[in-house]
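Trainee: below are the sequence and a predicted model for it; my questions follow.
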Amino acid sequence: MRNVFRRRRREQPEQAVEQEQAAPTRESGPWDADEPHPESDRIDLGGLRLPHNPDFDVRLASLGDQHVGVVVLYDESSLQLQALAAPRSSGLWDEVKTKILAQAKHLEEREGPFGSELAGEMRVEGESRPARYLGIDGPRWFLLAVIAGKAAVDDTVAAAYIDFIRDVVVVRGDEPMAREEPIPLRRPNEQASDQASEQAERPGLNPFKRGPEISEIR
């Protein structure tokens with residue numbers, strides 16, 4: 001069952017001022033929440049803020065009562081995103097690649113839009129699907145993106161997913177976290193009432209306008 005939610009409202013005025021004073025130092029993300037990044041409407045899931053694309057079906061992936069990742073469906077393809085806590089001194093992608101290759105024998109390493117990636121086939125419930133594993137090391141976080149299905153072999157479909165990943169914002173937070181611990185996600189409607197109140201105070205916005213939708217998979 002789908003839950004209606006609203007896109008993340010634009011940055012607070014003081015945040016917008018900070019961004020005007022400090023322009024992004026890179027052409028694209030994924031972005032760290034604490035670094036200057038382009039202001040846009042994003043879906044706020046707590047540990048991840050996702051760009052809004054009306055063509056994408058966005059779902060939370062849950063394990064028990066914990067939301068552990070996001071699945072995005074589009075054009076016979078899927079994108080899985082998971083943000084993990086990483087050490088301050090080093091990234092996780094080299095280590096994660098080794099673990100993936102030990103379990104999946106039909107993958108090979110190659111260069112992609114975010115550096116080294118793995119491409120080949122993944123097995124799901126006894127069936128094989130083309131897949132790409134992309135890893136991005138950030139400040140104290142690691143983002144794993146898995147593209148599967150048509151987009152893994154069709155560059156035109158993949159481009160929409162790559163653009164999506166480039167505009168993701170990771171919110172690591174300051175709290176201590178164990179190595180490779182999933183960065184907490186939440187349903188966007190947990191703060192819907194607060195956002196609706198804030199939007200209602202802003203001229204020209206309708207807080208009751210229907211927004212994008214999200215569902216949950218387990």
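Mentor: Cool, got the structure.

Trainee: what ranges does the protein have for its helices?
Mentor: 13-21, 93-103, 155-166, 192-200 (DSSP state H).

Trainee: and the closest residue in space to residue 141 that isn't next to it in sequence, what's its pLDDT?
Mentor: Using C-beta to C-beta, 6 or more residues apart in numbering and skipping the chain neighbours, the partner closest in space to residue 141 is residue 172 (4.6 Å). Glycine gets a C-beta too; all of them are placed from N, C-alpha and C. We have a pLDDT of 95 for residue 172.

Trainee: next, the buried residues of the longest strand belonging to the chain.
Mentor: If you go by DSSP state E, the chain has its longest strand at strand 127-138. Applying a neighbour-count criterion of 16 or more other C-beta atoms under 10 Å, one finds 130, 131, 132, 133, 134, 135, 136, 137, 138 buried in strand 127-138.

Trainee: same list (the residues you listed) but as JSON lines, adding pLDDT and distance to residue 25.
Mentor: Shown next, in JSON lines, are the buried residues of strand 127-138 (pLDDT from 0 to 100; distance: C-beta to C-beta, whole Å):
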{"residue": "130", "pLDDT": "96", "distance to residue 25": "35"}
{"residue": "131", "pLDDT": "97", "distance to residue 25": "32"}
{"residue": "132", "pLDDT": "97", "distance to residue 25": "27"}
{"residue": "133", "pLDDT": "98", "distance to residue 25": "27"}
{"residue": "134", "pLDDT": "98", "distance to residue 25": "22"}
{"residue": "135", "pLDDT": "98", "distance to residue 25": "21"}
{"residue": "136", "pLDDT": "97", "distance to residue 25": "16"}
{"residue": "137", "pLDDT": "97", "distance to residue 25": "16"}
{"residue": "138", "pLDDT": "95", "distance to residue 25": "14"}
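
Trainee: now flag whichever of those residues is closest to residue 37.
Mentor: Residue 37 has its nearest neighbour among those in residue 138, at 11.8 Å by C-beta to C-beta.

Trainee: enumerate every residue touching residue 158.
Mentor: 132, 147, 151, 152 (C-beta atoms under 8 Å, 6 or more residues apart in numbering).
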